[in-house]
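Asks: dropping the sequence and predicted coords here.
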Amino acid sequence: MADAVSLCARAVAGWHASWLEALGLCSETDRDAWRALDAPPHIYFGAITLRAETRADAVAGAPGGICDSWQTLELEPLGFRVWRQEPWFHRPAGPLLDAMPPPELEIVRVSSPAEVEEFELVSVRGFGSEDAQIEPGSIHPLAILDDPAMAIFIGRVDGKPIGASTAYQTEDAVGVFGVATVASARRRGYGAALTRAAMLTETGLPAVLAPSEEGESVYRRLGFGPVGALSIWVRGDPGQ
């Protein structure tokens with residue numbers, strides 16, 4: 001198996017490059033790092049290291065937070081601080097047991113402009129409050145449908161969107177991102193079902209993600225396990 005952290009870092013970098021391109025923003029990738037060339041919305045990184053040997057000067061000019069994929073950088077002298085640390089999780093390729101979602105849950109793979117807007121709004125509400133609003137296309141634009149490597153899912157109950165997830169497929173792995181359910185729909189198995197959808201097990205590829213502390217137990221039950229950890233370096237307030 002290729003270095004599991006490398007699989008994680010490259011999946012995150014591919015996912016970022018795709019979203020920024022859809023937003024009309026530029027980025028670049030070389031052997032050391034992925035870097036945004038235009039300032040992205042605050043939910044995205046400004047740079048992601050792609051090798052443990054990557055030097056600080058390769059990412060120090062990033063217009064946003066830096067994902068230190070192997071926790072090998074020392075960026076304090078350059079005015080950064082570690083805002084958060086998260087584990088990398090990896091699941092080997094293979095079928096899932098008990099893969100049926102809750103019967104009341106409908107999982108839809110997004111394929112239309114209206115569904116992209118629905119996905120964007122439920123994602124914002126899943127990570128924030130259930131009455132949150134957003135200008136359509138400001139974070140998740142319609143152009144994301146143009147990338148065949150990206151798969152986007154909505155979960156609905158009784159026709160109402162309650163959660164979302166995304167997947168980005170590289171040559172070597174499937175990255176699982178943005179799994180969220182609105183607060184009133186949690187602890188019912190919906191997040192696990194949306195994660196299963198985003199794992200794209202039919203590809204025969206391993207799946208990777210960086211879980212929140214709250215989600216770790218769900219991902220472990222799905223067969224994921226830790227393979228490393230990342231640090232997020234920021235200047236100022238990462239929410240601005």
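Replies: Arrived safely, thanks for sending. Numbers count the residues shown, from 1 in each chain.
Asks: mind listing the helices for this structure?
Replies: 4-22, 113-127, 190-198, 216-221 (DSSP state H).
Asks: what helices or strands is the longest one leaning on?
Replies: Looking back up the chat, that one is helix 4-22. strand 27-29, strand 33-36, strand 47-49, strand 81-91, strand 160-169, strand 174-181, strand 207-209, strand 225-234 (3 or more CB pairs under 8 Å, 6 or more residues apart in numbering; DSSP states H and E). Quick note: C-beta positions are derived from backbone N, CA and C, even for glycine.
Asks: the fourth one - which strands sit beside it in the sheet, and in what orientation?
Replies: Strand 81-91 has its sheet partners listed here by DSSP bridges as strand 207-209 (antiparallel), strand 225-234 (antiparallel).
Asks: list phi and psi for residue 104.
Replies: phi -80, psi -10 (degrees, to the nearest 10).
Asks: isn't it right next to residue 157, touching?
Replies: Yes: the pair residue 104 / residue 157 is scored as a contact, 5.4 Å apart, by CB atoms under 8 Å.
Asks: of these two, who's got more company?
Replies: Neighbour count, other CB atoms under 10 Å: between residue 104 and residue 157, residue 157 has more, with 16 against 11.
Asks: who does that one bridge with?
Replies: residue 105, residue 160.
Asks: give the contact list for it.
Replies: Residue 157 makes contact with 104-106, 185, 190 under the criterion CB atoms under 8 Å, 6 or more residues apart in numbering.
Asks: next one, pLDDT for the most centrally placed residue in the chain please.
Replies: The centre of the chain sits closest to residue 177, judged by CA atoms, centre = their mean, with a distance of 2.8 Å. The pLDDT attached to residue 177 in the predicted structure is 97.
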